[in-house]
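Peer 1: coords please:
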Amino acid sequence: MGITKHIQELKLRVSAKRMFKALVTESHSIPLPDAIKSIEILHGDGSAGTIRKTNLADGSYVKIRIEAVDIDNQVSKYTVIEGPMLGNKIESIHYEQKFEDSSDGGCVAKIVSEYHTKGDIQLKEEEVKAINDQALGFYTLSEEYLHANPNVCA
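Peer 2: Numbering: from 1, shown residues only. Next up is the predicted model:
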């Protein structure tokens, strides 16, 4: 199995606490109708070991397994275990995201992605970028929603 690692920092206009809630602990309650149709908990209670299925607006879905949730440090780890983004080359995608407040009232999301490929397949840079861009879209949509609704996830 090959592993391709990608590290990214994303500057957001919303506090770390609110972004963490919106994307991790309260993601099921943030309406993003242009991107997400529904979120189902298939197993667990939202903590480590939980299996969650996100049904996307385009008719596809993503199934993840939550590996760790650290509310105090605003860190979460999860693995994409099923969905079309894996295609026929990727076995799983492991994500670690950490949200840190910045001096302007917003935050920085530090995102580490590890793409575990099938066999010895090596991913091309543009393949990794396409998947990352899709994932980062959820951060941007959540940020926009929270910015427009300051009492949500407060």
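
Peer 1: all helices for the protein, in order.
Peer 2: Applying DSSP state H to the chain gives helices spanning 16-20, 125-148.

Peer 1: rank those helices by mean pLDDT and give me the bottom one.
Peer 2: For the helices of the chain, mean pLDDT drops lowest on helix 125-148, to a mean of 91.

Peer 1: Check the offset of that helix from the chain's centre.
Peer 2: Here the centre of helix 125-148 is set off from its chain's centre by 9 Å, with CA atoms, centre = their mean, to the nearest Å.

Peer 1: how about low-confidence regions in this structure?
Peer 2: The chain contains no residues with pLDDT under 70.

Peer 1: can you give me the strands for it?
Peer 2: Using DSSP state E, the strands of the chain run over 3-12, 36-43, 51-56, 61-70, 75-82, 90-101, 107-117.

Peer 1: Any idea which of those strands gets closest to Ser27?
Peer 2: strand 36-43 (6.3 Å; CB to CB). Yep, even glycine has a C-beta here, placed from its N, CA and C like the rest.

Peer 1: hmm, back to that, right, so of the strands of the chain, which gets closest to Lys21?
Peer 2: Shortest distance between Lys21 and these, using CB to CB, is found for strand 90-101: 9.7 Å.

Peer 1: what angle sits between that closest one and strand 3-12?
Peer 2: Counting by axes from the mean of the first three to the mean of the last three CA atoms, to 10 degrees, strand 90-101 lies at 30 degrees to strand 3-12.

Peer 1: What separation do you get for Lys17 and Glu9?
Peer 2: According to CB to CB, to the nearest Å, Lys17 stands 18 Å off from Glu9.

Peer 1: Compare these two (neighbour count), which wins?
Peer 2: Using other CB atoms under 10 Å as the criterion, Lys17 and Glu9 rank with Lys17 on top: 15 against 10.
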